[in-house]
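**Q** Whatever this is, show me its structure:
(one chain, ligands or ions: 1)
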Amino acid sequence: MQHSSFSRQFDKDLLGKFDSEILNRTPHVAGGDKTGVVANPTPLVDLTDALSECAKAEYGIRIDSKRVRVFGKLDSQIFGGSVKVRPAVEIVRDAIITGKLRSGQKIFEATSGNFGICPAPGLKIDQNLVVAKAAAANVREQLAQLGLDTSVLDKNRGDVEALLAKQDVISLAKLLAKIYNGFCPEQYDNELNVRSHETTTAPEIDQQLKAHGYSLGDFRIITAFGTGGTSAGLAKYAQAKYGQKPVHVVFPLANQDVAGIRTRDKAVGLRFYQPELYGGEHEVDFEAARRLLRFFAGRGYGIGESGALALYSALQMINYGAGSNFVVMIADGLQKYLADLEVPVETSDSLEVNVQEANSKQQGYGEVLWTHAMFVPREEGVKLVAEALGCDEDKVKVATARDVQSLITTERIPAGINALLPKDKSKTLLVCMAGGTSLRVAEVLAKNGVVAQSLTGGIMNLSQTNNRQPEDLVQVATE
Ligand SMILES: Cc1ncc(COP(=O)(O)O)c(C=O)c1O
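**A** Okay, the predicted model is just below:
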């Protein structure tokens, strides 16, 4: 790992802890290692046969697996579970040794997806001040739960709301870091983001391909785009070592929201969006890629949304004769997307239930409880949930967004939610927007000895199957 010079006053204890608990578990080139071998590499696995089966079964496309080779770079299996761990380690370690980050300081950062603070999938809401105010209240609540003094935020409320109204979470993270004397990694502008991939991810892939008997010089690399760090870092390495542009960047179509990554229009203008470094850019339909996502999920591969999009793109390139050897970046795993999948995937002990099953077992639930951290159902929403589940409307209770946030962040059951749980300790059916929050709530309740199940797909799934507009069913919580 390369680093800046040590500041005289850096926090030695923090660096020691960071190195033993994080650096030692994540990919890095050890300081004294002259061979440049990357320690803790993530697996590079041959997905050719599985992709070929998927192509045939899902898309009716034949791939000659003797003539193509597709490797998945499973950053889903990195300690921490995401490709983002790589720049995070590089940037945070640098901040410690340069004295910018010390024990007790908080780190604030913006997600690299299209929407930092986002409406649920399918829900269109005006980016107006009403939403900004609700989002600011939400941010305030989360800061309070982290033990931060909310009066500091209140003094800057105008600036915070203005940034939220523009959905400018990149600047919001910087502002919060400044007012709370914390640290913002600034992953969109920090060269260490790119460098982490140039000095670790790329040589790692190079070394692993060699071990499989191949050369990176004969492969194309496909990656999605969040901040542009991965694509730029890989491209720079390949340019310097092989004089080639093997990196192809994939984006979802303009109106599609894929977790953690950007559409092309939201990438243009960012510092690390550098098309001159790429071999190609592709805008790919995520709806078509979903079949691949489900196929691989059913086979037990932990491939998240952006990885599925990239792998689907490789399939299409093979189909159109645009290459035969690929390394596909699998940026993260499947766990957080399970709620949206319609295939039976093994999750821990029936914390989830689909609508048909929930309907047929309705008598077994003492309560139906809405749990979401930002939205609550309108009357129409409650009606739809009750109809779909075959129960009376008054069986559907609504937890406050504030209580849901508190439950998730503290992993304890707030009194407000406790009061809504069935008195006879029977099972609770949890419903939210798309099934993600309610699954998380079910997990926390289980940890606290309360039996609950989450309705897969949430109210968004019901709105689709019943041809209803999400904005008629839910609204931003204002309490
Ligand atoms: C799920 C996912 N895929 C891909 C990427 C691409 O990473 P980068 O920020 O390096 O462009 C990210 C990160 O942003 C991500 O979260």
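
**Q** okay, CA-based contacts and neighbour counts for the rest of this
**A** Will do.

**Q** How many residues are close by Thr227?
**A** 25 (other C-alpha atoms under 10 Å).

**Q** Do I have it right that it meets Asn190?
**A** No - in this structure Thr227 lies outside contact range of Asn190 using C-alpha atoms under 8 Å: 10.1 Å.

**Q** Thought Phe183 was touching Gln105, still the case?
**A** Yes - using C-alpha under 8 Å, Gln105 is in contact with Phe183, at 7.1 Å.

**Q** Of those two, give the one with the bigger neighbour count.
**A** Phe183 (21 against 13).

**Q** Could you find the closest non-adjacent residue to the more buried one?
**A** Spatially, and ignoring its direct neighbours in sequence, Phe183 is nearest to Ile107 (4.8 Å; C-alpha to C-alpha, 6 or more residues apart in numbering).

**Q** Return the backbone torsion pair for that neighbour.
**A** phi -110, psi 130 (degrees, to the nearest 10).

**Q** In terms of secondary structure, what does the lowest-mean-pLDDT helix or strand in the chain contact?
**A** None of the helices or strands of the chain scores lower by mean pLDDT, DSSP states H and E than helix 129-145, at a mean of 81. Secondary-structure packing of helix 129-145 (3 or more C-alpha pairs under 8 Å, 6 or more residues apart in numbering; DSSP states H and E): helix 150-155, helix 157-165, helix 401-410.

**Q** mind listing what's buried in that helix?
**A** Neighbour counts over helix 129-145 (16 or more other C-alpha atoms under 10 Å) mark 131-142 as buried.

**Q** how about stretch 325-337: buried residues?
**A** 325-334, 337.

**Q** of those, closest to the ligand?
**A** Ranked by distance to the ligand (C-alpha to the nearest ligand atom), the buried residues of stretch 325-337 are led by Ala331 at 4.6 Å.

**Q** Now name the helix or strand holding Ala235.
**A** Secondary structure from DSSP states H and E places Ala235 in helix 229-242.

**Q** orientation of the next helix or strand after that helix relative to helix 229-242 in degrees?
**A** Downstream of helix 229-242, the first helix or strand assigned by DSSP H and E is strand 247-252. Angle between the axes of strand 247-252 and helix 229-242 is 160 degrees (criterion: axes from the mean of the first three to the mean of the last three C-alpha atoms, to 10 degrees).

**Q** Tell me the helix or strand right after strand 247-252.
**A** helix 264-267.

**Q** and for that following helix, what are the contacting residues?
**A** The contact list for helix 264-267, computed with C-alpha atoms under 8 Å, 6 or more residues apart in numbering, reads 114, 225-228, 251-254, 273, 283.

**Q** Other residues contacting stretch 57-72?
**A** 44-49, 52, 55-56, 291-292, 295, 318-319, 324-330.

**Q** Turn the buried residues of stretch 325-337 into CSV, including distance to Thr201 and secondary structure.
**A** Formatted as CSV, these follow (distance: C-alpha to C-alpha, whole Å; DSSP: H, G, I helix; E, B strand; the rest coil):
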residue, distance to Thr201, secondary structure
Asn325, 18, strand
Phe326, 15, strand
Val327, 12, strand
Val328, 12, strand
Met329, 10, strand
Ile330, 12, strand
Ala331, 12, coil
Asp332, 14, strand
Gly333, 17, coil
Leu334, 21, coil
Tyr337, 25, helix
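
**Q** could you give me the average pLDDT of stretch 261-278?
**A** Taken as a whole, stretch 261-278 has an average pLDDT of 96.
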